[in-house]
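Visitor: sharing a model that was predicted from the sequence below.
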Amino acid sequence: QVQLVESGGGLVQAGESLRLSCAASGRDFRSVDMGWFRQAPGKEREFVAALNWSGGTTYYADSVKGRFTISRNNAKNTVYLQMNSLKPDDTAVYYCATRPVHKLRVMAPEEYDAWGQGTQVTVSS
């Protein structure tokens, strides 16, 4: 059973940066693709970013493209989300998740089979 633990969330002002981390255990980390999603109060969970098992291919939601960067360190079983130029609209609980490599719909939450507990990101104006 894979376990995912996010960290790095917090309260920042608009324009500042945060780096989220997601540590994985209990599974061969190199056999899965990884993604970040977020959910704001009263809204559905939405895709933020994803990358393949090697980190060589990345995907981003249009709303974060150019501001967020996803990366992974397979030696440390960790995936990161560097978030720059944060906006109040980025306020949400952020979740990391694993996706089997044969699941092709990168932005669909139902393609992901394990989730972390989430970390709160709050951006004040």
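Guide: Nice, thanks for sending it over. As the structure is a prediction and not an experimental result, all values here were calculated from the model.

Visitor: wait, what's in contact with the closest residue to L51 other than its chain neighbours?
Guide: Nearest residue to L51, sequence neighbours excluded (Cβ to Cβ, 6 or more residues apart in numbering): T58, at 4.6 Å. The way it works is simple: take the backbone N, C-alpha and C, and place the C-beta from them, glycine included. With contact set as Cβ atoms under 8 Å, 6 or more residues apart in numbering, T58 has these partners: 49-52, 70.

Visitor: what residues are up against A97?
Guide: Contacts of A97 (Cβ under 8 Å, 6+ apart): 4, 34-37, 109, 112-116.

Visitor: hmm, L11 is touching T91, no?
Guide: No - with contact defined as Cβ atoms under 8 Å, L11 and T91 do not form a contacting pair (9.5 Å).

Visitor: quick one: which of these two has more around it?
Guide: Each of L11 and T91 has its neighbours counted (other Cβ atoms under 10 Å); T91 has more, 18 against 12.

Visitor: that one reaches T122, doesn't it?
Guide: Yes - taking contacts as Cβ under 8 Å, T91 lies within contact range of T122: 5.1 Å.

Visitor: please export the C-alpha coordinates of stretch 93-104 as CSV.
Guide: What follows is stretch 93-104, C-alpha atoms only, in CSV (Å, rounded to 0.1, in the frame of the first residue of the first chain):
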residue,chain,number,x,y,z
VAL,A,93,-5.8,22.2,-0.4
TYR,A,94,-3.1,20.7,-2.6
TYR,A,95,-2.9,16.9,-3.0
CYS,A,96,-0.3,14.7,-4.6
ALA,A,97,-1.3,11.4,-6.2
THR,A,98,0.1,8.4,-8.1
ARG,A,99,-1.0,7.3,-11.5
PRO,A,100,-0.1,3.9,-13.1
VAL,A,101,1.9,4.5,-16.3
HIS,A,102,-0.8,2.8,-18.4
LYS,A,103,-3.4,5.3,-17.4
LEU,A,104,-3.3,8.0,-20.0
